[in-house]
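S.K.: Got a sequence here, can you build the structure:
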Amino acid sequence: MQTASPAVDAMLTALMAVGRAMRQRQEGDAIDPGTFWLLKTIAHRGPLRITDLATATHLDTSTVSRHVAQLERNGFIDRTPDPADGRAQLVGISADGQHQLDLAFERRRAILESTLTEWGPSDIAEFERLLSKFVAGITNDTTLNNQDNQ
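M.R.: Numbers count the residues shown, from 1 in each chain. Predicted coordinates:
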């Protein structure tokens, strides 16, 4: 087995640390960390069926149904009839859900911004350039794109 380069190891460590920080409940969050990314997906993709939401998030339908029920109890989503099939329902983000999601993202941006307070403008510009290059590489990697479509 080939040993990973120090840069790859550092990247894995950084991504896991950022992921942990983004998943943790922040002071003032009304959205449960377990439903945060689900609500973000609903906000981004628009109203959709629970089965489509499960597919989009790579979760099973029963897990998504439980989380959607919690989001609905908290008033963060609305259910509407599916115009394509009156028996089905679509879940969409409510005004309060969007407001709470915006606040949650502001808190997470603040965490990331606080880590850059000691950085100079040229360091931040270089980091942004390299991070954009990295993300473009991940996005264009056909292996990852093929896995996302399975």
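
S.K.: Let's see the longest strand along the chain as CSV, backbone CA atoms only.
M.R.: Using DSSP state E to define each element, the chain has its longest strand at strand 85-93. Extracted C-alpha coordinates of strand 85-93, given in CSV (Å, rounded to 0.1, in the frame of the first residue of the first chain):
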residue,chain,number,x,y,z
ASP,A,85,-49.3,13.4,-8.6
GLY,A,86,-52.0,14.6,-6.2
ARG,A,87,-51.3,11.6,-3.9
ALA,A,88,-47.8,12.7,-3.2
GLN,A,89,-46.5,15.7,-1.3
LEU,A,90,-43.6,18.1,-1.8
VAL,A,91,-41.5,19.5,1.0
GLY,A,92,-40.2,23.0,0.7
ILE,A,93,-38.5,25.4,3.1
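
S.K.: tell me how far it is from the chain's mean position?
M.R.: On the basis of C-alpha atoms, centre = their mean, to the nearest Å, strand 85-93 sits 22 Å off its chain's mean C-alpha point.

S.K.: The helix or strand just after it packs against which elements?
M.R.: Moving toward the C-terminus from strand 85-93, the next helix or strand (DSSP states H and E) is helix 95-115. If you count contacts as 3 or more C-beta pairs under 8 Å, 6 or more residues apart in numbering; DSSP states H and E, helix 95-115 packs onto helix 6-23, helix 33-45. No exception for glycine: its C-beta is placed from N, CA and C like everyone else's.

S.K.: Figure out which of these is closest to residue 89.
M.R.: Between residue 89 and the helices and strands packed on helix 95-115, the tightest spacing by C-beta to C-beta is seen for helix 33-45, at 12.7 Å.

S.K.: Taking strand 85-93 as reference, get the angle to the closest one.
M.R.: 110 degrees (axes from the mean of the first three to the mean of the last three C-alpha atoms, to 10 degrees).

S.K.: Buried residues of helix 33-45, list them for me.
M.R.: 35, 36, 38, 39, 40, 41, 42, 43 (16 or more other C-beta atoms under 10 Å).

S.K.: Now do the same for residue 66: helix, strand or coil?
M.R.: Following DSSP: H, G, I helix; E, B strand; the rest coil, residue 66 is assigned to helix.

S.K.: count of residues packed around it?
M.R.: Using other C-beta atoms under 10 Å as the criterion, residue 66 is surrounded by 12 other residues.

S.K.: Tell me how far the residue most central in space within the chain lies from residue 82.
M.R.: Residue closest to the mean C-alpha point of the chain, counted by C-alpha atoms, centre = their mean, is residue 37 at 4.2 Å. Distance of residue 37 to residue 82, given as C-beta to C-beta, to the nearest Å: 23 Å.
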